[in-house]
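*Asks:* Sequence plus the predicted model coming up.
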Amino acid sequence: MKILVSLTLEGRNAGIWYALETTRRLQARGHEVLCLPRPGGTTIGLLRDANLNVIDDCDLAVTSPKSVYRNIKRLIRLARDFQPDVILAHWGTDHIYWALAKTVGRLKTPLIRVRALDPRPPKKHVLSKWLHRKPTDHIVTVNTRLSDAYRTRLRLPRDRVSIIGPGVDPTNRDVGETADLTALGIPEGKNVVILLARFSPVKGHRVLLKTIRPVVERFPDIHFLWLGFPAEYDRRLFDRWFVEANLMECITVVDSFQPNVNAILQACTLALVTSVGSESISRSLLEYFSCGLPVVASDVGGVTDLMQRGEFGILVPPDDAAALAEGIIRILELPDRGQSLGARAHTFLSSHVTWDQRIDDWENLLAATRNRSQSP
């Protein structure tokens with residue numbers, strides 16, 4: 001099958017990771033893939049590093065009238081030259097451009113909108129209804145919350161909306177490498193609670209900060225590790241918080257790339273998702289479960305789906321420091337139960353949430369969408 005993947009996404013986020021992983025794995029299955037990223041951006045480099053074919057002469061991020069007209073003509077010509085069996089639009093800009101190209105150019109190629117990053121529900125105004133009902137053949141989301149929003153807000157039928165989340169590559173955590181956490185500056189003999197997230201307000205670092213004192217007073221051997229990369233926050237701001245709260249001895253921040261993330265995770269005791277929003281995919285939660293870690297997580301985005309409504313850990317309301325602290329303490333009080341939760345999550349993901357299974361779902365959907373579009 002010939003697949004045209006349109007993604008103006010930029011930055012270090014789960015949406016780009018999902019798009020890249022699904023695209024390269026579809027190509028590995030033998031499909032002919034052509035990608036349309038922003039010229040000169042970071043995403044185009046990632047695609048080329050993955051040996052994916054790219055178009056680098058069309059920037060869909062530009063919005064001047066002349067550029068819009070030129071881009072629509074370019075997309076129509078591209079679709080007629082490449083003749084894809086299906087078009088995947090990974091971002092709102094891609095979606096709108098291809099919807100206009102389909103309409104103006106009377107293209108018959110099915111258009112699939114992929115929602116893997118932005119957690120906001122679709123808008124209900126008349127243009128949104130036209131966009132999703134007319135030129136768009138199918139919607140793919142990565143969690144139940146977003147899928148339900150399309151059905152209820154836009155009244156799309158069930159056969160027009162699918163959920164295909166990310167997957168994991170099964171690994172045996174029992175034989176995995178364990179990192180020496182003292183090399184990261186963590187005092188020897190500490191049990192580590194880790195938050196793996198970019199340094200952004202939506203990830204809930206402020207909420208977690210309020211829970212640290214009561215947890216450490218109850219469990220003096222606990223140490224917190226914040227592992228991520230600077231975004232809206234940087235390390236200097238965190239250091240100021242820690243000084244103000246007298247928590248410098250309780251937290252270590254690592255803001256540099258760590259190639260051995262799995263080894264670090266397997267040396268930890270407990271993992272956290274403290275987000276107050278976002279988490280459409282929650283890549284960090286997949287990483288935790290792959291390493292068999294028990295988790296306390298905010299009930300946002302796709303977290304509920306992955307946590308099986310608390311079967312694999314403790315779900316807490318977002319932006320609730322008291323509930324978060326209580327969840328952490330409950331796991332630490334019963335370490336055997338925590339290990340059991342982590343092991344159960346690891347087994348479930350290894351059996352039911354693998355990338356091979358996810359790409360099977362994609363192939364089935366792409367074939368069904370193409371066949372439906374070709375039906376008289």
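*Replies:* Good, I have the coordinates.

*Asks:* Now do P135 against A197, distance only.
*Replies:* 36 Å (CB to CB, to the nearest Å). C-beta: built from backbone N, CA, C; applies to glycine.

*Asks:* Between those two, tell me which one has more neighbours.
*Replies:* Taking neighbours as other CB atoms under 10 Å, P135 and A197 compare with A197 leading, 25 against 19.

*Asks:* Assign T252 to helix, strand or coil.
*Replies:* strand (DSSP: H, G, I helix; E, B strand; the rest coil).

*Asks:* residue contacts, it?
*Replies:* L184, G185, I186, H223, F224, L225, W226 (CB atoms under 8 Å, 6 or more residues apart in numbering).

*Asks:* Now restrict those residues to buried residues only.
*Replies:* L184, I186, H223, F224, L225, W226 (16 or more other CB atoms under 10 Å).

*Asks:* Only the C-alpha atoms, please, for the biggest helix by length in the chain, written as PDB.
*Replies:* Scanning the chain for the longest helix, with DSSP state H as the assignment, gives helix 355-374. Output of helix 355-374 as PDB, limited to C-alpha atoms (Å, rounded to 0.1, in the frame of the first residue of the first chain):
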ATOM      1  CA  TRP A 355       4.000  -2.500  18.500                       C
ATOM      2  CA  ASP A 356       3.400  -5.600  16.300                       C
ATOM      3  CA  GLN A 357      -0.200  -5.700  17.400                       C
ATOM      4  CA  ARG A 358      -0.600  -1.900  16.900                       C
ATOM      5  CA  ILE A 359       0.700  -2.100  13.400                       C
ATOM      6  CA  ASP A 360      -1.600  -5.000  12.700                       C
ATOM      7  CA  ASP A 361      -4.400  -2.600  13.700                       C
ATOM      8  CA  TRP A 362      -3.100   0.100  11.400                       C
ATOM      9  CA  GLU A 363      -2.800  -2.300   8.500                       C
ATOM     10  CA  ASN A 364      -6.400  -3.500   9.000                       C
ATOM     11  CA  LEU A 365      -7.700   0.000   9.300                       C
ATOM     12  CA  LEU A 366      -5.800   1.300   6.200                       C
ATOM     13  CA  ALA A 367      -7.100  -1.600   4.100                       C
ATOM     14  CA  ALA A 368     -10.700  -1.200   5.300                       C
ATOM     15  CA  THR A 369     -10.600   2.600   4.700                       C
ATOM     16  CA  ARG A 370      -9.200   2.200   1.200                       C
ATOM     17  CA  ASN A 371     -11.700  -0.600   0.300                       C
ATOM     18  CA  ARG A 372     -14.600   1.500   1.600                       C
ATOM     19  CA  SER A 373     -13.500   4.500  -0.500                       C
ATOM     20  CA  GLN A 374     -13.400   2.300  -3.600                       C
END
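
*Asks:* Check the offset of that helix from the chain's centre.
*Replies:* 21 Å (CA atoms, centre = their mean, to the nearest Å).

*Asks:* With stretch 137-148 instead?
*Replies:* 14 Å.

*Asks:* Which of the contacts of T252 fall in helices?
*Replies:* Within the contacts of T252, no residue falls in helices by DSSP H.

*Asks:* in the stretch 201-350 of the chain, which ranges drop under the pLDDT threshold?
*Replies:* For the stretch 201-350 of the chain, no stretch has pLDDT under 70.

*Asks:* hmm, back to that, want to throw the buried ones among the contacts of T252 into JSON lines with distance to R213?
*Replies:* Listed next are those as JSON lines, based on distance: CB to CB, whole Å:
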{"residue": "L184", "distance to R213": "22"}
{"residue": "I186", "distance to R213": "18"}
{"residue": "H223", "distance to R213": "13"}
{"residue": "F224", "distance to R213": "11"}
{"residue": "L225", "distance to R213": "17"}
{"residue": "W226", "distance to R213": "16"}
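
*Asks:* Show me the helices in this structure, by range?
*Replies:* Using DSSP H, helices in the chain cover 14-28, 42-49, 65-82, 92-105, 126-133, 144-153, 205-218, 235-245, 261-266, 283-290, 303-307, 321-333, 335-352, 355-374.
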